[in-house]
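In: Pasting the sequence and the predicted coordinates here, then a few questions.
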2 protein chains.
Amino acid sequence: MKISLLVVGDEILLGQVTDSNAARIGQLLFARGLGIAEKLTVGDSLEEIRRGLQYLRERAHVILVSGGLGPTRDDLTQEALAGFAGRRLVENAEAKRDLLALLERRGRPVNEIQLRQCRMPEGAEALPNAMGTAPGTWLEHEDRLFIAMPGVPYELEHMLAYQVLPKLENLPRSGVLLHRTLLTGGIAESDLAARLESWAEGLPPEYQLAYLPALGTVRLRLTATLPEKEQATAGLDAHFEEMAHLVEDVVVARSDMGMEERLGEILLKNKLWLSTAESCTGGSISRSITSVAGASRYYRGGVVSYQNDIKISTLGVPATLLETEGAVSEACVRAMVEGALGAFKADVALSTSGIAGPGGGSPGKPVGTVWLACGDASGIEAKCYHLPWDRRRNIEAATTYSLLLLWNLLRQRGYR
Amino acid sequence: MKISLLVVGDEILLGQVTDSNAARIGQLLFARGLGIAEKLTVGDSLEEIRRGLQYLRERAHVILVSGGLGPTRDDLTQEALAGFAGRRLVENAEAKRDLLALLERRGRPVNEIQLRQCRMPEGAEALPNAMGTAPGTWLEHEDRLFIAMPGVPYELEHMLAYQVLPKLENLPRSGVLLHRTLLTGGIAESDLAARLESWAEGLPPEYQLAYLPALGTVRLRLTATLPEKEQATAGLDAHFEEMAHLVEDVVVARSDMGMEERLGEILLKNKLWLSTAESCTGGSISRSITSVAGASRYYRGGVVSYQNDIKISTLGVPATLLETEGAVSEACVRAMVEGALGAFKADVALSTSGIAGPGGGSPGKPVGTVWLACGDASGIEAKCYHLPWDRRRNIEAATTYSLLLLWNLLRQRGYR
């Protein structure tokens, strides 16, 4: 059973929206041993949607479609689907009933524009939308299955997880796709490859190794494609352990979890409380830490000390230090860690101070200069980076490098 | 001149990476009046890359390819491109020279694996990679132009902006694509459509209106496709003003800028200092505010008071209030705003306290209950939401709704 994805929306081709849906669809399918074979993105045009459906139906049995189901004139998926399948576009009674009930619950008036969303190809089944107004569509046509879902991310995710996947899972399939990943930190992709390549070449053809580099980290993904789930799981586990052994010293996490999740695990297990004192990262570190469910069990809180006087009043950074060394200095980030440990009664603390850009640089401290520090009662480690990117990436990099600094400190202290 | 995009990478189909490159490519092209006609994403497979090239070359003159240029065995773009064009894969002398120079500058040893990146189809031109090790490729073949760029986002962005686009802009083209957007807040897509539809139907066929809904906001995009740039600009501006007039009361920003940028503009212009006191949003609001260049001219800073005692010690929230009302309460977010105004010497402050989930709910305060407040010396507005999503989206929604609350307060106070 081959699955492909058609994404509809000018806004994606124009770059006005990042296509987070496609990633989420891939994740949800992969978690069930299913994979997207290919993905095509087309604009809001009847002709392009139809051509896209034609192209994908040639090689896939199931064609998922996301986007173009809303109430406005630029939502053309249902009409294109009807045209492609040679069917009339008709109002679906179930879809209409659901929509009227939803509008009544929300206390909103019914208008013609909203009712348009209930039109779909004749003979198609409506998929209820628990999170919004546009219903999905399940259409069987010429030995192929077409499933249209709304483009609004949480609507799509809910419909896929609760309506579409349970039905898809029951269809016959020819093999199972499994994977396991591990996250490495502080090692370059080519150095990892030098360590792993001869091992990877000796893998049976059903196994594939991939490198997913990001700022400061590389994720290794080992994939197995085998007929039986049990066989695939056992084989994958054995090869995964071999791989993990070869890179043991740089492994941050032995699963799909991110750095911030792994740090949470270590902090929680060792009953350590973390706090943060951020300047140039502006809350990005605390956001990352608190993105993990249960972060309140190891994160005390933090301060975004964007102005110098807040570094003084909240963290107790000496005013003279700021005058002589400046805010972007080793002395300052060290004082910020001390302040965060004290003010927030934490066991370990992170701090950042730098010039994210595009303005604010000087000859001695050009844009991209960033000081990071991490410490506990036993000592503080500080590090300086000269980041070459734009504001957004410099902040992102400083955030990741801070988390790596914390990971290294925890490891040095023997916390696992 | 039609341009299409081939994205190569299993990790994108599997959802392990969100395809931010495609969005960035779309933005950079669009800024120069160019557009991506369609985008195909395929896995790391010689066969699939070749088939993708074949499909896209049928309708586009320029085929951009991103990804699959790295040093490891799963990087197959150059080989596929050579196979597709019927050319040998050869080491490019210029690319090798650049790579050796880069490794020397970085003080890193040369290894065989890295040198592999310099192989490309015979007759292709190497595009230097100023940000990394994998060179790009510019290949003219049978009246089509194939341009391969690395998948690492900042490498790709730099190569596209400085190497590829200047060359592409000089190629002959048949028309120009222009757009303008505006951002609305606090109005549903279908209500916007009800106001705009008859106007939009009267637009000449060269103009298109699109609705881009997000949490709490809808962006309206008006696009013009015309032969001449001057003509397109004048026509677009005239129709844009008509549109803006029809939705005047809900316009947040009359350009591509985001809510956080527009807020920054208003704060700066009116010489107002902002501070934040975040609990459930965990730094997400301060991150959003500080993502804007120059935020240090209007943002004082803030606290992420994740634990109750920090709400007391840093913000002066009364302990008795937390005992009687709880942290997730109107009284608490109001006290947090007062604390943030005082502790951080700000003119206006935002606060949040809620249960982002998945744990931490109770019958009286279920998961998703979020209190938000915004205020200044003249008063505080507080609002309660019951958010239905997962942790990540609840935090995202609380962040956007907080910014909307601030926008409304500033508007009520007459700040523009």
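Out: In hand now; what should we look at? Only a predicted model underlies this, so the values are computations on that prediction, with no experimental measurement involved.
In: After the helix or strand hosting A:Leu40, which helix or strand is next?
Out: Using DSSP states H and E, A:Leu40 sits in strand A:36-42. Note on strand A:36-42: by DSSP H and E, the next helix or strand toward the C-terminus is helix A:46-57.
In: quick one: that following helix to strand B:36-42, angle?
Out: 10 degrees (axes from the mean of the first three to the mean of the last three C-alpha atoms, to 10 degrees).
In: longest helix in chain A, by residue count?
Out: helix A:391-412 (DSSP state H).
In: tell me which strands and helices that one is in contact with?
Out: helix A:259-269, helix A:284-290, strand A:348-354, strand A:369-376, strand A:379-386 (3 or more C-beta pairs under 8 Å, 6 or more residues apart in numbering or on different chains; DSSP states H and E). Bear in mind the C-beta positions are built from the backbone N, C-alpha and C, glycine included.
In: mind listing the helices for the stretch 1-150 of chain A?
Out: A:10-13, A:20-30, A:46-57, A:77-85, A:93-105, A:112-115 (DSSP state H, counting those that start in this stretch).
In: typo on my end, it should be the stretch 201-350 of chain A
Out: Using DSSP H, counting those that start in this stretch, helices in the stretch 201-350 of chain A cover A:229-246, A:259-269, A:284-290, A:308-315, A:319-325, A:330-343.
In: Counting neighbours, which bits of the fourth one end up buried?
Out: Neighbour-count burial for helix A:308-315 flags A:Asn308, A:Ile310, A:Lys311, A:Ile312, A:Ser313, A:Thr314, A:Leu315 (criterion: 16 or more other C-beta atoms under 10 Å in any protein chain shown).
In: any idea how far A:Thr137 is from the nearest residue to A:Gln78 once chain neighbours are set aside?
Out: Take A:Gln78 and drop its neighbours on the chain: the residue closest to it by C-beta to C-beta, 6 or more residues apart in numbering or on different chains is A:Met120, 5.0 Å away. From A:Met120 across to A:Thr137, the span is 5 Å (C-beta to C-beta, to the nearest Å).
In: what is in contact with the two at once?
Out: A:Gln78, A:Leu81, A:Ala126, A:Ala148 (C-beta atoms under 8 Å, 6 or more residues apart in numbering or on different chains).
In: most neighbours per residue, which of the helices of the stretch 201-350 of chain A?
Out: Highest mean neighbour count of the helices of the stretch 201-350 of chain A: helix A:284-290, a mean of 29 (counted as mean count of other C-beta atoms under 10 Å in any protein chain shown).
In: list the helices and strands that one packs on?
Out: Using 3+ C-beta pairs under 8 Å, 6+ apart, helix A:284-290 is in contact with helix A:259-269, strand A:274-278, strand A:299-304, helix A:391-412, helix B:284-290.
In: Tabulate the ones you listed in JSON lines, adding columns for distance to A:Val7 and mean pLDDT.
Out: Below are the helices and strands packed on helix A:284-290 laid out as JSON lines (distance: least, C-beta to C-beta, whole Å; pLDDT from 0 to 100):
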{"stretch": "helix A:259-269", "distance to A:Val7": "28", "mean pLDDT": "97"}
{"stretch": "strand A:274-278", "distance to A:Val7": "36", "mean pLDDT": "98"}
{"stretch": "strand A:299-304", "distance to A:Val7": "36", "mean pLDDT": "98"}
{"stretch": "helix A:391-412", "distance to A:Val7": "24", "mean pLDDT": "95"}
{"stretch": "helix B:284-290", "distance to A:Val7": "26", "mean pLDDT": "98"}
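In: got those as a markdown table, with distance to B:Lys365 columns?
Out: Formatted as a markdown table, the helices and strands packed on helix A:284-290 follow (distance: least, C-beta to C-beta, whole Å):
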| stretch | distance to B:Lys365 |
| --- | --- |
| helix A:259-269 | 24 |
| strand A:274-278 | 26 |
| strand A:299-304 | 20 |
| helix A:391-412 | 31 |
| helix B:284-290 | 20 |
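In: of all those, which lies closest to B:Leu40?
Out: The closest of the helices and strands packed on helix A:284-290 to B:Leu40 is helix A:391-412. By C-beta to C-beta, the value is 26.6 Å.
In: quick one on the thing from earlier: most tightly packed of the helices of the stretch 1-150 of chain A?
Out: helix A:10-13 (a mean of 26).
In: in chain A, what spans have low per-residue confidence?
Out: A:174 (pLDDT under 70).
In: could you measure the residue located most distally from the centre of it against B:Ser296, distance?
Out: Most distant residue from the mean C-alpha position of chain A: A:Thr320, 42.5 Å away (C-alpha atoms, centre = their mean). Here A:Thr320 is placed at a distance of 22 Å from B:Ser296 (C-beta to C-beta).
In: go on, A:Tyr401?
Out: Distance of A:Tyr401 to B:Ser296, given as C-beta to C-beta: 21 Å.
In: Could you do A:Ala210 as well?
Out: A:Ala210 sits 41 Å away from B:Ser296, going by C-beta to C-beta.
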